[in-house]
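S.K.: Provided below are the primary sequence and the corresponding predicted coordinates.
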Amino acid sequence: GPQPPVPAGLPGAPGAVALGELDCRPAGSQAKVHVSVPPLVEVMQGKKVTLDCTPLENPDHFVLEWFLTDRSGARHRLASVEQQGSQLQGTVHDFRGRSPPYQLDSQGRLELPQAQVGDERDYVCVVRAGASGTTEATAKLRVFAIPETTEVIPNRGTLSVMEDFAQEIATCNSRNGNPVPRITWYKNGQLLDVPMEVNSEGYMTSRTVREASGLQSLTSTLYLRPSKADREASFHCAAHYSLPLGNQGRLDSSPFHLTLHYPTENVRFWVGSPSTTEGWVREGDSIQLLCRGDGSPSPEYTFFRLQDKQEKMLTINLEGNLTLVGVNRSQSGTYGCRVEDYDAAEDVQLTKILELRVAYLDSLELSTGEELSVLLNSSRTTVNCSTRGLPAPTLRWTKDSVPLGDGPTLSLSPVTFDSAGTYVCEASMSTVPFLSRVRSFKLLVQGSPELRAEEMEPKAEGGWTEGDEVRLTCLARGHPEPELTWSQLGGRPAEPVLGGQGWVSSSLTLKVTSALGREGVACEASNPHGRVSHVFHFGTVAPQTAQAGVAVMAVAVSVGLLLLVVAAFYCMRRKAPPPRLPRQLQPTQTCPQVPLSTPTPADAARVLITSSAPPYPHPNANAALTPS
């Protein structure tokens, strides 16, 4: 709860440090007063400290004094508290230059705001209680400060593994801590157990500095005799610091690596660009020859070519790379690399050689031109394909992606129209991927046309009838390309058949008539080598009976009406008064009786048969229709 008001001269607020009970009476004294004093107070830098020295017997009158013991042992009175009855009066006598200053709380406890490293002293409490005697007790104050981030400074020079003494590896700093921290060293995460005594294998040194602030800094330097195995090792250091209640903290530095000098022990020399398992490279590619020694720092590399057992120097560099741009077949041969490392042992092989094999393939040559024309049914036709290459190429013939066989010679016997097309010769090397050549020619087969007709579907339900529509198709092939013609008008021009291996097609659409039934329809294919034809037959073509009867009836009715009109006109002329004629010229005939009944189709037919006019043509005789 809230503290009681602070008497004059007692500023501040109560502390929060737990205190233990301590019986403090001088030897041989008969004093009966007891005080509660903390023997050891631990606090983090910047926190408030409260030191308690309360008499346990609560006498009616006592005087309490706080003293600071300096490093020489001298005491300096800081504050005093006097109690008379229920009144408690305190006074701070000496600030000792402390900022913020010392304070007393309402219960007479000594307060140190914002603890500092300089506060690490012995604080003595003296209580005088009159007849109850005098007693004193000491509280030791310890202030802890966490150091700054651990800093490591590695040796940036090159350390030689050939030296026989320990060399400086790195320096580690842990600054502004309290109490002084402890530094340890690590290699690949494992603690390095190195002594403080100087020796040829490894040791470390340390130096402590007390800063003006009172905080302490520690510097540690590591010395080791490095080995080649340390070229990939990761080193770092760590600062270990103390905390209240016996706890510990740790701050690790960043890791670092060493730059070592060690001689070459092994050399490798190989083709770095894509190559086959047999070591072939393609002519025209850019090739890299790579040479690597395992010494450090990287030595110089000398590249050369062996010609007639003599070294022809090509280049010297520190990278160990030799690039051959657009390599050609003349660059095949023996290449060498030498590592110029004078620290290497005498038994180390510093020179390596390899065989560079450049694969090449020349353009293909055919024994014929781009087109080859042969006669139909020729007994034997051969074409040769040749090239030069290393390693030896494989030749393969294909037509329309269909393999025909391996080898340089293509043989065709006998030659048919199916033989026509494009033939491809391909040269390749199984041991050198993506190195290949192709050459092709077109075979033309000269001959009289071959004709093929697409047969008509048979007409169901009694065959063909006049007026039925039909579509006829003929196909032909040959060289030169044949011309397709029809015996009837309306044929479509010939067009190539898709994927038809030289076939062309023409079609004709027409209507069936009795004449076509008797004569048929012919298609003909012709070229300079000959001609061939095909006739489409329809067989018996039935007349259109229903329509013919209707037409005859219509004609008969028309003729009958005409006869009636003529007869009526004739009778009307007979009834009119005749002109007066001589008696010898008066007619003696009488008007015939015209029947009034409607003429029959048979009557009309008889009239048509006896008529001298030509017959009417069939209205559909020459119409061209599509198939039904």
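M.R.: Received the coordinates, thanks. Numbering: from 1, shown residues only.
S.K.: quick one, what contacts E82?
M.R.: With contact set as Cβ atoms under 8 Å, 6 or more residues apart in numbering, E82 has these partners: 61-64, 88-90. C-beta here means a position set from N, CA and C on the backbone, and glycine is covered the same way.
S.K.: let me see the ranges of the helices in the stretch 401-550 of the chain.
M.R.: Taking DSSP state H, counting those that start in this stretch to define them, one finds helices in the stretch 401-550 of the chain at 514-519, 545-575.
S.K.: now do the first one: which elements does it pack against?
M.R.: With contacts defined as 3 or more Cβ pairs under 8 Å, 6 or more residues apart in numbering; DSSP states H and E, the packing partners of helix 514-519 are strand 541-542.
S.K.: quick one: strands adjacent to the strand it packs on?
M.R.: strand 464-465 (parallel) (DSSP bridges).
S.K.: pLDDT below threshold where in this protein?
M.R.: The model of the chain has pLDDT under 70 over residues 1-31, 274-277, 457-462, 499-500, 545-557, 559, 570-571, 573-628.
S.K.: so E82 versus R128, what's the distance?
M.R.: Distance, E82 to R128, by Cβ to Cβ, to the nearest Å: 10 Å.
S.K.: what do the two both touch?
M.R.: Common neighbours of E82 and R128, counting by Cβ under 8 Å, 6+ apart, are 62-63.
S.K.: distance from the helix or strand harbouring A170 to the middle of the chain?
M.R.: Using DSSP states H and E, A170 falls within strand 167-177. Here strand 167-177 is found 47 Å from its chain centre; the criterion is Cα atoms, centre = their mean, to the nearest Å.
S.K.: same check on stretch 125-133?
M.R.: Put simply, stretch 125-133 sits 88 Å off its chain's centre (Cα atoms, centre = their mean).
S.K.: repeat for stretch 474-494
M.R.: Distance, centroid of stretch 474-494 to centroid of chain: 57 Å (Cα atoms, centre = their mean).
S.K.: straight-line length of that stretch, end to end?
M.R.: Stretch 474-494 has an end-to-end distance of 9 Å (Cα to Cα, to the nearest Å).
S.K.: buried sites along it?
M.R.: By neighbour count on 16 or more other Cβ atoms under 10 Å, the buried set for stretch 474-494 is 474-479, 482-488, 491, 494.
S.K.: repeat that for stretch 256-267.
M.R.: Residues of stretch 256-267 classed as buried: 256, 258, 260-264, 267 (neighbour count, 16+ other Cβ under 10 Å).
S.K.: of these, which belong to strands?
M.R.: 260-261, 267 (DSSP state E).
S.K.: narrow the contacts of E82 to those in strands?
M.R.: Here DSSP E is the test, and these give 61-64, 88-90 as lying in strands.
S.K.: is it possible to get TSV of those that adds neighbour count?
M.R.: Listed next are those as TSV, based on neighbours: other Cβ atoms under 10 Å:
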residue	neighbour count
H61	13
F62	22
V63	15
L64	24
L88	19
Q89	15
G90	25
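S.K.: longest strand of the chain?
M.R.: Scanning the chain for the longest strand, with DSSP E as the assignment, gives strand 436-454.
S.K.: by contact count, what packs against that one?
M.R.: By 3+ Cβ pairs under 8 Å, 6+ apart, strand 436-454 packs against strand 365-366, strand 371-375, strand 381-386, strand 421-428, strand 469-479, strand 521-527, strand 530-536.
S.K.: out of the ones you listed, flag the one nearest V281.
M.R.: strand 421-428 (16.5 Å; Cβ to Cβ).
S.K.: hey, C-alpha coordinates of the closest one in CSV?
M.R.: Extracted in CSV, the C-alpha atoms of strand 421-428 (Å, rounded to 0.1, in the frame of the first residue of the first chain):
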residue,chain,number,x,y,z
GLY,A,421,8.1,-39.6,-103.5
THR,A,422,10.9,-37.9,-101.5
TYR,A,423,13.8,-40.1,-100.2
VAL,A,424,16.1,-38.9,-97.4
CYS,A,425,19.6,-40.0,-96.6
GLU,A,426,20.6,-39.3,-93.0
ALA,A,427,24.1,-39.6,-91.6
SER,A,428,24.5,-39.8,-87.8
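S.K.: which parts of it are buried?
M.R.: Along strand 421-428, these residues count as buried under the neighbour rule (16+ other Cβ under 10 Å): 423-428.
S.K.: what of stretch 281-300?
M.R.: Buried residues in stretch 281-300 (16+ other Cβ under 10 Å): 281-283, 285, 287, 289-296, 299.
S.K.: and the end-to-end length of that stretch?
M.R.: End-to-end distance of stretch 281-300: 27 Å, with Cα to Cα as the criterion.
S.K.: next one: stretch 294-309
M.R.: 28 Å.
S.K.: can you check stretch 495-513 too?
M.R.: One end of stretch 495-513 sits 28 Å from the other (Cα to Cα).
S.K.: nearest to M313, of the buried residues of stretch 474-494?
M.R.: Using Cβ to Cβ, H479 comes nearest to M313 of the buried residues of stretch 474-494, at 64.4 Å.
S.K.: wouldn't that closest one be in contact with L443 here?
M.R.: No. Contact criterion Cβ atoms under 8 Å: H479 and L443 do not qualify, at 9.9 Å.
S.K.: quickly list what's touching both of those two.
M.R.: A420.
S.K.: next, count neighbours for V161.
M.R.: By the criterion of other Cβ atoms under 10 Å, V161 has 18 neighbours.
S.K.: returning to that earlier point: in a markdown table: the buried residues of strand 421-428, plus distance to S507.
M.R.: A markdown table is the format used below for these (distance: Cβ to Cβ, whole Å):
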| residue | distance to S507 |
| --- | --- |
| Y423 | 32 |
| V424 | 34 |
| C425 | 39 |
| E426 | 40 |
| A427 | 45 |
| S428 | 45 |
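S.K.: out of those residues, which comes closest to N317?
M.R.: Nearest to N317 among the buried residues of strand 421-428 is S428, at 37.2 Å by Cβ to Cβ.
S.K.: which residues pair with that closest one across the strands?
M.R.: T394, S436.
S.K.: stretch 111-126: end-to-end distance?
M.R.: 16 Å.
S.K.: that stretch: which residues count as buried?
M.R.: Quick answer for stretch 111-126 (16+ other Cβ under 10 Å): 111-113, 115-117, 119-121, 123-126.
S.K.: what's the end-to-end length of stretch 278-298?
M.R.: Taking Cα to Cα as the measure, stretch 278-298 stretches 30 Å from start to finish.
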